[in-house]
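Student: based on what follows, work out the 3D shape:
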Amino acid sequence: MFFFCSLFPARALESPEKAVMEKKTRQRMKLCLDNIKFKSDEDRAPIYRVVEETFPHLLNIFNKLIHIENPSLEVADHIKLICKIFWSCIYLELPRPLFDPTFFNAWMVLFLNILERPVPVEGQPEDPELRKSWGWWKTKKWVAHILNRLYTRFGDMKLQNPDNKAFAQMFQMNYAAKILECHLKLLNAIRIGDYLPDRVINLILQYLSNSIPKNSMYSLLQPHLDVLLFEVIFPLMCFNDNDQMLWEEDPHEYVRKGYDIIEDLYSPRTASMDFVTELVRKRGKDNFPKFIQFIVGTFTRYDEAPLEQKPYRQKDGALLAVGTLCDKLRQTEPYKSELENMLVRHVFPEFSSPAGHLRAKAAWVAGQYANINFSDQTNFSKALHCVISGMRDPELPVRVDSVFALRSFIEACKNLDEIRPLLPQLLDEFFKLMNEVENEDLAFTLETIVYKFGEEISPYALGLCQNLASTFWRCIDSDNGDDETDDTGALAAVGCLRAISTILESISSLPHLYGQIEPQLLPIMRKMLTTDGQDVFEEVLEIVSYITTFSPTISLEMWSLWPLMMQALVDWAIDFFPSMKLPVSVFS
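Tutor: Here you go, the predicted structure:
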């Protein structure tokens, strides 16, 4: 890294024209910084050297690029690269040169310039996927990234060590409010129908959410809250055209995005939900009643509208808000006492809505409130049966949301007699869905069913394990595909193994069943006790433990696993030794 610093061609970076020629050099610099940005303080020393030797030159280039009239898209690419270099340098710690107020201010002036300046109208792609990746929007995204990092990691005096408090104070005093002002202006684009990329919206709302607990920042935010809440945040929570298109054209992708935690990190809707949650948690006295009043008004307008004019999408957003705030509503009077009535009046009718997304949202909201104290148990029963019916809905997202809601109802159910007669039907619908969707939450729901019914599940144990084994192999095959960024298959595979273990535990008093189930699971155990199974090794060892412990005898096929376990222990699995103690002791 020091060698790289010494070769950095500073003299070539003295003008925008030469900066363009040296783009590859800065790209190499970015790669070097990425390799060490997660290192310890001692190992990060090269970053500080990079900052000292190159940041003055980068700042000079940045300044000249910013002031080019009618800049090309290539200029945006260079600005973006400089921003990414800066981001890598501040990811964990703020390099000492940036503690110099004059030097830091020079950078902040340029960042704020990028944030405030309008994006060129000409040249923007029409295609939404290309538009969000357009160079000038990317520069705004990276500037928002940087400002969020500075604000949350280095600009909060409560989080700083004594050495950094002066910087945090300076940041709060000189920059935090200005950034907030810029962000509010950017969000105004949503109100008037202009374009703002989802990721930029997400980052802006993160900044606003982090401003809520700070008194000085909240006082600046407060005058804008009504407009922000009701004209920006709430519309972002509503079902929209993109949702409708994805629902119709690729329901599997709609489901995947809806339950993908990585998608949540970038979603404007999730950021809106987080903002509302933080607002009512930290500033509930001022904002909770009026927000709920707005939601009730949305319900009323929906109820009063004729069928052909019902605002289905606004009702969807209102239900999302009610589900998001379930913890607060369950604890706060007078809302707590009205929850059952709210479900009956505003949620139950949507189980039969002509809009599929409202049927799905009704199932989700019902699941959020399954554990409240129902004064009339027939209302609990009605919700439960509506959710079960939703598992046979023609729309895939409705079926998925219904299965996940079922988990909450089974956990809350005090009398399993209602569900017991439906168990074969439930399991049948359940495995139809597992054949369509890879999601670990499906396996978690099955775990809940098995745990609740215990030995009663024994007549279905063999079929359950067969289906779970088939689903496991399908998830593994999916995870071995080309998309390295999507680990949905791997997570679902782990969920299948956990569910199998729960089934094996539930039949521990019926040892004769293990001999029937063992052949279904042997291929998994043989394959996953090798290096191919490092990601699921603990789960497979648990299955081995149940079968060897509770079977009347250990079969020759199970004995064939012993050498595999010993080889793994010698070669690579020493960290799993605590998990291996039980099966090893049983074999011994």
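
Student: for the stretch 301-450 of the chain, what spans make up the strands?
Tutor: Remark: no strands are assigned in the stretch 301-450 of the chain by DSSP state E, counting those that start in this stretch.

Student: all helices of it, in order?
Tutor: 312-324, 326-331, 335-342, 356-368, 377-390, 396-412, 423-434, 440-453 (DSSP state H, counting those that start in this stretch).

Student: show me what contacts residue 536?
Tutor: 493, 494, 497, 528 (CB atoms under 8 Å, 6 or more residues apart in numbering). (C-beta placed from N, C-alpha, C; glycine too.)

Student: likewise residue 195?
Tutor: Counting by CB under 8 Å, 6+ apart, residue 195 has contacts 124, 131, 189.

Student: what do you get for residue 340?
Tutor: 372, 374, 375, 376, 379.

Student: rerun that using 7 Å as the cut-off
Tutor: 372, 374, 375, 379 (CB atoms under 7 Å, 6 or more residues apart in numbering).

Student: mind listing the helices for the stretch 51-200 of the chain?
Tutor: For the stretch 51-200 of the chain, the helices defined by DSSP H, counting those that start in this stretch occupy 73-90, 101-116, 128-132, 135-149, 165-171, 177-191, 198-211.

Student: in JSON lines: those helices, plus mean neighbour count, mean pLDDT and distance to residue 241.
Tutor: Output for the helices of the stretch 51-200 of the chain, formatted as JSON lines (neighbours: other CB atoms under 10 Å; pLDDT from 0 to 100; distance: least, CB to CB, whole Å):
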{"stretch": "helix 73-90", "mean neighbour count": "20", "mean pLDDT": "92", "distance to residue 241": "27"}
{"stretch": "helix 101-116", "mean neighbour count": "17", "mean pLDDT": "97", "distance to residue 241": "27"}
{"stretch": "helix 128-132", "mean neighbour count": "12", "mean pLDDT": "87", "distance to residue 241": "10"}
{"stretch": "helix 135-149", "mean neighbour count": "22", "mean pLDDT": "96", "distance to residue 241": "19"}
{"stretch": "helix 165-171", "mean neighbour count": "17", "mean pLDDT": "91", "distance to residue 241": "39"}
{"stretch": "helix 177-191", "mean neighbour count": "18", "mean pLDDT": "95", "distance to residue 241": "14"}
{"stretch": "helix 198-211", "mean neighbour count": "22", "mean pLDDT": "97", "distance to residue 241": "13"}
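
Student: among these, which comes closest to residue 56?
Tutor: helix 101-116 (8.0 Å; CB to CB).

Student: what about the closest residue in space to residue 101 that isn't next to it in sequence, distance to residue 474?
Tutor: Closest residue in space to residue 101, ignoring its immediate chain neighbours: residue 170 at 6.2 Å, by CB to CB, 6 or more residues apart in numbering. Here the criterion is CB to CB, to the nearest Å. By it, residue 170 lies 56 Å from residue 474.

Student: with residue 155 instead?
Tutor: Taking CB to CB, one finds residue 155 at 47 Å from residue 474.

Student: more neighbours, the two?
Tutor: Per other CB atoms under 10 Å, whichever of residue 155 and residue 474 has more neighbours is residue 155, with 25 against 17.

Student: what's the more buried one sitting at in phi/psi?
Tutor: For residue 155, the backbone dihedrals are phi -100, psi 10 (criterion: degrees, to the nearest 10).

Student: residues contacting the residue nearest to it when sequence neighbours are not counted?
Tutor: Nearest non-adjacent residue to residue 155, counting by CB to CB, 6+ apart: residue 171, 3.7 Å away. For residue 171, the contacting residues are 150, 154, 155, by CB under 7 Å, 6+ apart.

Student: and the pLDDT at the last one?
Tutor: Which is residue 155. On pLDDT, residue 155 comes in at 85.

Student: cool, residue 473 as well?
Tutor: Looking at residue 473, its pLDDT stands at 92.

Student: that one: which element?
Tutor: Using DSSP states H and E, residue 473 sits in helix 461-479.

Student: ok, residues contacting that helix?
Tutor: With CB under 7 Å, 6+ apart as the test, helix 461-479 has contacts from 427, 431, 434, 438, 487, 489-490, 492-493, 496-497, 499-500, 503, 507, 513, 516-517, 520-521, 524.

Student: many thanks, we can stop here.
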